[in-house]
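[1] here is the input, now give the coordinates:
(one chain, ligands or ions: 1)
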Amino acid sequence: MKAATRIVRAGLPTAQQAAPFLPGPTFAAPYHAAGDPTTAPYNYGRLHNPTWTQFEQALSELEGGTALAFASGMAAIAAVFGSVLRPGDKVVLPSDSYYLTRVLANGYFTQMGVQVVMSPTTNNSQLEHLDGAKLLWLETPSNPGLDVCDIVALSQAAHERGVLVAVDNTTATPLGQQPLALGADFSVASDTKALTGHSDLILGHVAVREAALMDGIRMWRNQIGAVPGPMEVWLAHRSMATLHLRLERQCASALTIAQFMSEQKGVTDVRYPGLAAHPAHDLARQQMQYFGPIISFTLADEAAAQHFLSACKLVYEATSFGSLHTTAERRARWGGDIVPAGFIRMNIGCEDVDDLMADLAQALDH
Ligand code: PLP
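    Below you'll find the model as predicted:
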């Protein structure tokens, strides 16, 4: 079955006369569960929910493993750290990962006695730090720098040393890249972004191949309680069915716009893994089916970047990415990422690409 078919049908129950295609959200704290509670498939709302079950089934089909939904991408990341890392363990992180991943590792987990070693995504440089590690954390393409590393090569090297591998797959989505099939033990994502793509909910998930790893993740979610609301999960499942359509449009437009921006005066360092000029383009082609909706580029300085963003009429100035609305921000306004003051991360949405290019051209002229 092709990806476009699989995603439209993923997680839907078998057809039943007079039943909806995607049953609506189930709102429940306790469920009726008399006698031995383990005989009821659902007994308490922090542990399970039929709406989660449907969505997790859909995610599992896409990931090629077993998936569990979380209240946010950060809750999913914390579940992998929390279920794997113990005092004295070493974790190897990308120094250019999503900044809050680094903040969590360097803050709480360092205080708990975990050793955090950081190295850039580019050139697979995390390879040099694997000896003695418990967990290798990858993020490819990285946010916001869009560097790419080799999941197959890094996973092989890690497994030879008994190191577990997790990939933050947020920027690619499971349609764009399947970390478990490429050798990783955990595929983790913020589903706040392109997977759901409508800028209206916060969600995350973890997928694994091994049952023992899933036991740890499930126990963590049950005990920490970072569970998603059924309404968000139902919306996510509904939205996910159009991921293929959205990505087709967004990635085609992202490539066109990246090429267009590369030719504009005053715009430097245009980055998109789908551009032949990207330093890891060949590798990206090998391990990705879609290059994602994000491009980045640099303008002269903070003032030029802010000026450009205010002059755009079709680009919302906002954080996050993956949505069907085109958005952009000057990333340095947050601190935390090592990027120039004029660095802009732009999410290309589903608007008409000619309209977007005309808007960007008039904003650059400003
Ligand atoms: N991972 C990446 C790559 C992200 O960009 C983000 C958020 O921007 C997260 C994880 C965290 O996701 P959430 O905001 O859903 O907690």
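[2] quick check, the residue in this structure closest to the ligand?
    Here the chain gets closest to the ligand at one residue, G73, 2.4 Å apart by C-beta to the nearest ligand atom. The way it works is simple: take the backbone N, C-alpha and C, and place the C-beta from them, glycine included.
[3] excluding chain neighbours, give the residue nearest to that residue in space.
    Excluding the flanking residues, the one nearest G73 by C-beta to C-beta, 6 or more residues apart in numbering is S190, at 2.4 Å.
[4] beta partners for that neighbour?
    Under DSSP bridges, the beta-bridge partners of S190 are G204.
[5] count of neighbours near it?
    28 (other C-beta atoms under 10 Å).
[6] close enough to count as contact, it and G204?
    Yes. Counting by C-beta atoms under 8 Å, G204 is a contact partner of S190 at 5.2 Å.
[7] which neighbours do those two have in common?
    The contact sets of S190 and G204 overlap at 72-74, 76 (C-beta atoms under 8 Å, 6 or more residues apart in numbering).
[8] of those residues - the most surrounded one?
    A76 (30 neighbours).
[9] retrieve the pLDDT associated with that one.
    Looking at A76, its pLDDT reads 99.
[10] does it count as helix, strand or coil?
    Following DSSP: H, G, I helix; E, B strand; the rest coil, we place A76 in the helix state.
[11] so how far is Q286 from it?
    For A76, the distance to Q286 equals 26 Å [C-beta to C-beta, to the nearest Å].
[12] I294 now?
    19 Å.
[13] who has more neighbours, the two?
    Between I294 and Q286, I294 has the larger neighbour count (other C-beta under 10 Å), namely 28 against 13.
[14] quick one: residues contacting the more buried one.
    Here I294 is in contact with 141, 143-144, 146, 171, 254, 272, 321-322, 345-348 (criterion: C-beta under 8 Å, 6+ apart).
[15] output those of the residues you listed also counted as contacts of the ligand.
    Filtering the contacts of I294 for proximity to the ligand by C-beta under 6 Å from any ligand atom leaves 143, 171.
[16] can you redo the contacts of I294 as a markdown table with distance to P94?
    Supplementary listing: those in a markdown table, determined by distance: C-beta to C-beta, whole Å:
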| residue | distance to P94 |
| --- | --- |
| P141 | 11 |
| N143 | 10 |
| P144 | 12 |
| L146 | 12 |
| T171 | 12 |
| A254 | 22 |
| Y272 | 19 |
| F321 | 17 |
| G322 | 19 |
| R345 | 16 |
| M346 | 21 |
| N347 | 20 |
| I348 | 24 |
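[17] which one of the contacts of I294 is nearest A157?
    A157 lies nearest to P141 out of these, by C-beta to C-beta, at 20.0 Å.
[18] about what we covered before: closest to G266 among the contacts of I294?
    Out of the contacts of I294, the member with the shortest distance to G266 (by C-beta to C-beta) is M346, at 15.4 Å.
[19] still on that earlier bit, return the closest of the shared contacts of S190 and G204 with respect to P41.
    Using C-beta to C-beta, the shared contacts of S190 and G204 come closest to P41 at A76, 23.7 Å.
[20] circling back: with respect to E263, which of the shared contacts of S190 and G204 is nearest?
    Using C-beta to C-beta, G73 comes nearest to E263 of the shared contacts of S190 and G204, at 34.4 Å.
[21] the ligand contacts on the stretch 101-250 of the chain?
    Near the ligand, when you scan the stretch 101-250 of the chain using C-beta under 6 Å from any ligand atom, you find 139, 143, 168, 170-171, 190, 192, 202, 204.
[22] so how far is stretch 4-22 from its chain's centroid?
    Chain-centre distance of stretch 4-22: 25 Å, with C-alpha atoms, centre = their mean, to the nearest Å.
[23] show me what counts as buried in it.
    Using 16 or more other C-beta atoms under 10 Å as the test for burial, stretch 4-22 gives 7, 10-12, 22.
[24] swap in stretch 317-331?
    So for stretch 317-331, counting by 16+ other C-beta under 10 Å, buried means 321-324, 326-331.
[25] so how far is it off the chain centroid?
    Distance, centroid of stretch 317-331 to centroid of chain: 14 Å (C-alpha atoms, centre = their mean).
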